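A.B. asks: fold the following for me, if possible:
(one chain, ligands or ions: 1)
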Amino acid sequence: MIINARAYAKINWLLEVGSLREDGYHELSTLFQTIDLYDELRFSLSKDISLKIIDPNFSANLPIDNKNLVIKAADLLVNELDRKQGVSIQLKKTIPLGGGLGGGSADAAITLLALNQLWKANLSQEKLLSLAAKLGSDVPFFILGGTAWGKGRGIDITAQQDIDAPYLLLVNPRQEVATSRVYSEFDRLTNKDQMSTLATYFFTSAEMLFAKIKNSLSPMAKAICPQIATIETKLTELGAKAVLMSGSGATVWAVFPSALLLEQAFETLNKCEWLVIKSRTISRSEYQQSILKVSD
Ligand code: C5P
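C.D. replies: So this is what the prediction gives:
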């Protein structure tokens, strides 16, 4: 059996950060969204667990041992099943690294889902969600996909009605911003006494959501990488109706009202030194139907 898989990236429609918890993480309220930008993975049965990375753009720094979340996910599943298993994994990287798009987390979640089938593990979605949480705060979301809330540390996932944005542009300044650094700046700059409690929203339309978008980590990421603010201004000037930094940065997403405006913005910004990617949202049903393709 061979499984060819897609690990779709995410953006955060909204990201509110609350207080620092006893476990060292922050309370979050975030609305995740899967988008049409993906890494490709291929899983085939083998004696041992191994990973090969194909990556013309960024591979220099990607580990292929148990420092890689893909191997960590496979090891975690072996541990859970308590039996020897092997798999040969090939990963083709497309999602920019360290860009707030959840690439590594998506690869890890897809590895859990694929190996659950390849190794006939039959673990429930609930069990897969709890294993995913051990791998990182963004990983459980990718078990579900579509539009979903992440609460608590980010791992308490609740599905929400899909938000549809067919004309989405991603702009990455080609500069990595370290997540832990952005969070520690957040702690340094935020007055604990003025910390507001995280709001609960119910969005039934994209317009309702776009009126409320906010990323608590934006000011800190912009202080580290001022290009983020420049990108946001340009995207707004080019006619985007909603613009926000994704996750802890540095990628900025923008929703355009038409294919024409999206194309014009792409042509204009592609002349800059930034990485510019045309995308669209991936609904939960499209996600569930297209992540794994099993063949003999
Ligand atoms: O869980 P993950 O390894 O993806 O988190 C990376 C870093 O992001 C953590 O080490 C922490 O600095 C920060 N983080 C946080 N609170 C969260 C999620 C992430 O402080 N809820």
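A.B. asks: what residues does the protein put near the ligand?
C.D. replies: 25-26, 28, 136-138, 153-154, 179-180, 183 (C-beta under 6 Å from any ligand atom). All C-beta spots, glycine's among them, are computed from the backbone N, C-alpha and C.
A.B. asks: out of the residues you listed, which are inside helices?
C.D. replies: 179-180, 183 (DSSP state H).
A.B. asks: which parts of the stretch 1-150 of the chain are strands?
C.D. replies: Using DSSP state E, counting those that start in this stretch, the strands found in the stretch 1-150 of the chain span residues 2-20, 26-45, 49-54, 87-92, 147-152.
A.B. asks: which of those sits closest to S105?
C.D. replies: With distances scored as C-beta to C-beta, the stretch of the strands of the stretch 1-150 of the chain nearest to S105 is strand 2-20 (8.0 Å).
A.B. asks: which strands and helices lie in contact with that closest one?
C.D. replies: strand 26-45, helix 103-118, helix 141-144, helix 179-189, strand 242-245, strand 292-295 (3 or more C-beta pairs under 8 Å, 6 or more residues apart in numbering; DSSP states H and E).
A.B. asks: got the angle for that strand vs strand 87-92?
C.D. replies: Counting by axes from the mean of the first three to the mean of the last three C-alpha atoms, to 10 degrees, strand 2-20 lies at 70 degrees to strand 87-92.
A.B. asks: could you dump strand 2-20 to PDB, C-alpha only?
C.D. replies: Extracted in PDB, the C-alpha atoms of strand 2-20 (Å, rounded to 0.1, in the frame of the first residue of the first chain):
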ATOM      1  CA  ILE A   2       1.200   3.500  -0.900                       C
ATOM      2  CA  ILE A   3      -0.400   6.700   0.400                       C
ATOM      3  CA  ASN A   4       0.100  10.000  -1.400                       C
ATOM      4  CA  ALA A   5      -0.900  12.900   0.800                       C
ATOM      5  CA  ARG A   6      -1.300  16.700   0.800                       C
ATOM      6  CA  ALA A   7      -0.400  18.700   3.900                       C
ATOM      7  CA  TYR A   8      -2.300  21.900   3.400                       C
ATOM      8  CA  ALA A   9      -1.100  25.200   5.000                       C
ATOM      9  CA  LYS A  10      -3.200  27.300   7.300                       C
ATOM     10  CA  ILE A  11      -3.800  31.000   8.000                       C
ATOM     11  CA  ASN A  12      -5.300  32.500  11.100                       C
ATOM     12  CA  TRP A  13      -8.300  34.600  10.400                       C
ATOM     13  CA  LEU A  14      -8.100  35.900  13.900                       C
ATOM     14  CA  LEU A  15      -5.500  35.400  16.800                       C
ATOM     15  CA  GLU A  16      -6.100  36.700  20.200                       C
ATOM     16  CA  VAL A  17      -3.500  35.900  22.900                       C
ATOM     17  CA  GLY A  18      -4.400  36.000  26.600                       C
ATOM     18  CA  SER A  19      -2.500  35.300  29.800                       C
ATOM     19  CA  LEU A  20       0.600  33.200  30.300                       C
END
